[in-house]
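Enquirer: what shape does this take:
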Amino acid sequence: MKKTLPLSLLLFTLAFSACKKDNSIKHNDLVGQYSLTAYTGYGESDNLLLEVNSNSKPCMRNLKFTLREDNTATSSYLSNDVCNLSDPSASVKWSLSPRETQYFIWSFSNNQIQIQETGASSTHTYSITRKNGKIELTEDYQGPFKYKQTFTKD
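Expert: Numbering: from 1, shown residues only. Next up is the predicted model:
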């Protein structure tokens with residue numbers, strides 16, 4: 001019996017390894033529509049101005065970002081109503097409102113996507129994670145004003 005135990009253990013390990021799920025994110029996994037689900041905005045000296053998510057402001061989900069298989073993308077706001085994100089008494093007002101569709105190109109590598117608006121020279125980098133089985137794209141922008149926004153795949 002002692003001689004068969006290591007062989008049995010090896011066979012079990014091989015069988016278990018073969019059943020492991022591949023959690024890596026591939027290009028085709030990213031294709032689809034995403035909704036804005038979290039936003040944090042900062043002012044001068046990195047002071048927090050706004051921190052909001054779609055649980056408290058469901059209208060945020062009307063801001064859609066769509067990644068297509070051909071590496072083109074669009075961003076649009078799918079409502080005729082303004083979505084006020086900040087408290088009415090806040091000194092800085094944050095809102096989402098109807099606007100023209102924006103067009104982008106995107107690329108994917110190393111668990112990040114690079115997004116560039118058509119005709120623009122700057123790119124935005126989004127990290128890719130999987131949370132509760134859904135893909136999330138998060139941009140942590142560190143430009144003249146700082147913000148962090150997360151889009152979750154519908």
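Enquirer: residues contacting the residue most central in space within the chain?
Expert: Nearest to the geometric centre of the chain sits Leu137, at 1.7 Å (Cα atoms, centre = their mean). Leu137 is in contact with 34, 65, 113, 126-128, 150-151, counting by Cβ atoms under 8 Å, 6 or more residues apart in numbering. To be clear about C-beta, it is placed using only N, CA and C from the backbone, and glycine gets the same treatment.
Enquirer: from those, list the buried ones, please.
Expert: Neighbour counting by 16 or more other Cβ atoms under 10 Å classes 34, 65, 113, 126, 128, 150-151 among the contacts of Leu137 as buried.
Enquirer: between the residues you listed, which is nearest Gly41?
Expert: Using Cβ to Cβ, Thr150 comes nearest to Gly41 of the buried ones among the contacts of Leu137, at 12.9 Å.
Enquirer: rewinding a little: among the contacts of Leu137, which lie within strands?
Expert: 34, 65, 113, 126-128, 150-151 (DSSP state E).
Enquirer: output those residues as JSON lines; include the columns distance to Trp94.
Expert: Converted to JSON lines, the ones in strands among the contacts of Leu137 look like this (distance: Cβ to Cβ, whole Å):
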{"residue": "Tyr34", "distance to Trp94": "20"}
{"residue": "Phe65", "distance to Trp94": "18"}
{"residue": "Ile113", "distance to Trp94": "25"}
{"residue": "Tyr126", "distance to Trp94": "20"}
{"residue": "Ser127", "distance to Trp94": "23"}
{"residue": "Ile128", "distance to Trp94": "25"}
{"residue": "Thr150", "distance to Trp94": "15"}
{"residue": "Phe151", "distance to Trp94": "17"}
